[in-house]
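> my questions concern the predicted model and sequence given below.
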Amino acid sequence: MTDTQFYARTFALLALLGVAYLLYLVLAPFFGPIAWAFFIAFLLHPLHAWIVRRSGRPTASAGLLTAFTLVVLVGPLAALGAAFAAQVADLLRYAQQFAAEHRAPTPGDLADIPVVGTVLAWLDTNAGISLAQVQAWAVQVARTVLGSLASLGQKAFLGALGTVIGFLLMLFILFFAIRDGRAMFAALRELVPMAREERARLFEHLAAVLRAMVYGTGVTALVQGALIAVGFAVAGLPSPIVFGVLAALFALVPMAGTPVVWVPAVVALALQQRYVAAIALLAWGGFVVTIDNFLRPWLVSGRAQVSTLTVFIGVLGGVAAFGPIGIFLGPLVLALAISLLDFALEGRPADNGTD
């Protein structure tokens, strides 16, 4: 390589890195709307392809599906967000009223509660932490959590897409993502430095993983959250929508699930001596848990299987890194890394045991 070629390639590489950095600065503020737009366009692509086959008008199809997305998101999600915020506020007032009307418990009051009474009594005797302090801390934590939920509820759901401007930007991008997504996706595929067959397999696997996450994990979590909300409403517990949303969120986290929400409610009903409601909610919660065993396999049938560890790390890390869209983007990134590793291992020559 001559000096001229070296400097030319170095300059080209530095220019490419500079342009990539500037492109990142331009697009970073709009990452949420862009990611949501392409995610929704991916989900709507089969319907868009069907409409185009029937009508032959991709622009009209993209406009129709964009309007459909606007109606579906703005109406139900805005109403759900308002109901969520109102019920969180009611729950906060209820917690404050309960704390004001109930005195701090004593060790004798907690003697009949397994484990809890023993631990609190030990703290009171040996650590100098009184039960009144524990109650005050619990009330403060409850107020902080409920206050955060109330603030979240006022801008949640649609707020997952950012501000109103961000939501409108998402809709604008969505139109072009639906109409031109296939061409953009094909151009992206051509940039991957792999053989055509391997490249097709890789993207088919990633599409199957994303559909498995949406239909398997996402839909199952929504169904479980809705059923928990129904159970709370029938049992006469306050703020069923709030607890239904929390149950849906915990359902996305492997090894946690909806019992994190409904088991404490069963205990609370039992402590209130509402034994029939407690037993009914216990049975209902058990039914909701079993749904995961048959609904998820049915929804992901024929699609890529995503391991529990991938979902667990992907959901937690994805939400921390990307926000709400990380629920799906995090596991997808991990699946991409695992797939690339598998492809690299498949491409290695077999070890025949010779030096």
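Arrived safely, thanks for sending. Numbering: from 1, shown residues only.

> what secondary structure does the nearest residue to Leu44 once chain neighbours are set aside sit in?
Distance criterion C-beta to C-beta, 6 or more residues apart in numbering; nearest residue to Leu44, sequence neighbours excluded, is Leu65 at 5.2 Å. Heads up, the C-betas are built off the backbone N, CA and C, glycines and all. When classified by DSSP: H, G, I helix; E, B strand; the rest coil, Leu65 comes out as helix.

> wait, doesn't Leu65 sit right on Ala49?
No: Leu65 is beyond contact range of Ala49, at 11.0 Å (criterion: C-beta atoms under 8 Å).

> distance of Arg199 relative to His205?
11 Å (C-beta to C-beta, to the nearest Å).

> please read the previous query as pertaining to Phe84.
36 Å.

> so which of those two has more stuff around it?
The residue with more neighbours, out of Phe84 and His205, is Phe84; 22 against 17, by other C-beta atoms under 10 Å.

> model confidence for the closest residue to Phe232 other than its chain neighbours, exactly?
Nearest residue to Phe232 in three dimensions, chain neighbours excluded: Pro240, at 3.8 Å (C-beta to C-beta, 6+ apart). What the model reports as pLDDT for Pro240 is 86.

> what sits against Pro240?
Pro240 makes contact with 87, 229-233, according to C-beta atoms under 8 Å, 6 or more residues apart in numbering.

> kindly check the end-to-end length of stretch 321-332 for me.
Using C-alpha to C-alpha, to the nearest Å, one end of stretch 321-332 lies 13 Å from the other.

> so for it, what gets flagged as buried?
322-332 (16 or more other C-beta atoms under 10 Å).

> what's the offset of that stretch from the middle of its chain?
7 Å (C-alpha atoms, centre = their mean, to the nearest Å).

> residues contacting it, please?
31-32, 35-36, 39, 160, 206, 209-210, 213-214, 217-218, 252, 306, 310-311, 313-320.

> just the buried members of those?
32, 35-36, 39, 160, 206, 209-210, 213-214, 217-218, 252, 306, 310-311, 314-319.

> restricted to helices, list the residues you listed.
Judged by DSSP state H, these include 32, 35-36, 39, 206, 209-210, 310-311, 314-319 as members of helices.

> now stretch 246-264: buried residues?
246-252, 254, 257-259, 261-262.

> lowest pLDDT pick from those residues?
Pro254 (65).

> tell me the buried residues in the lengthiest helix in the chain?
Ranked by residue count and defined by DSSP H, the top helix of the chain is helix 164-191. By neighbour count on 16+ other C-beta under 10 Å, the buried set for helix 164-191 is 166-167, 169-171, 173-175, 177-179, 181-182, 185.

> worst-scoring helix or strand of this structure, pLDDT-wise?
helix 131-155 (a mean of 56; mean pLDDT, DSSP states H and E).

> mind listing what's buried along the helix or strand containing Arg201?
In the assignment (DSSP states H and E), Arg201 maps to helix 196-211. By neighbour count with 16+ other C-beta under 10 Å, helix 196-211 contains the buried residues 199, 202-203, 205-211.

> could you provide the residues you listed in a markdown table, with additional columns for distance to Ala280 and pLDDT?
Shown next, in a markdown table, are the buried residues of helix 196-211 (distance: C-beta to C-beta, whole Å; pLDDT from 0 to 100):
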| residue | distance to Ala280 | pLDDT |
| --- | --- | --- |
| Arg199 | 54 | 79 |
| Leu202 | 49 | 77 |
| Phe203 | 48 | 79 |
| His205 | 44 | 75 |
| Leu206 | 43 | 76 |
| Ala207 | 42 | 77 |
| Ala208 | 39 | 76 |
| Val209 | 38 | 74 |
| Leu210 | 38 | 75 |
| Arg211 | 36 | 75 |
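
> what's the neighbour count on the nearest residue to Val209 once chain neighbours are set aside?
In space, and not counting its chain neighbours, Val209 is closest to Ala335: 4.3 Å by C-beta to C-beta, 6+ apart. If you count neighbours by other C-beta under 10 Å, Ala335 ends up with 23.

> for the one helix or strand Ala335 maps to, what is the average pLDDT?
Secondary structure assignment for Ala335, by DSSP H and E: helix 326-347. The pLDDT scores in helix 326-347 average 76.

> quick check: angle from it to helix 196-211?
Helix 326-347 and helix 196-211 meet at an angle of 150 degrees, taking axes from the mean of the first three to the mean of the last three C-alpha atoms, to 10 degrees as the criterion.

> now the closest residue to Ala320 other than its chain neighbours: how far from Leu188?
Of all residues not flanking Ala320 in the chain, Gly326 sits nearest, at 7.1 Å (C-beta to C-beta, 6+ apart). Applying C-beta to C-beta, the value for Gly326 to Leu188 is 21 Å.

> re earlier: okay, and which of the buried residues of stretch 246-264 map to helices?
246-251, 259, 261-262.
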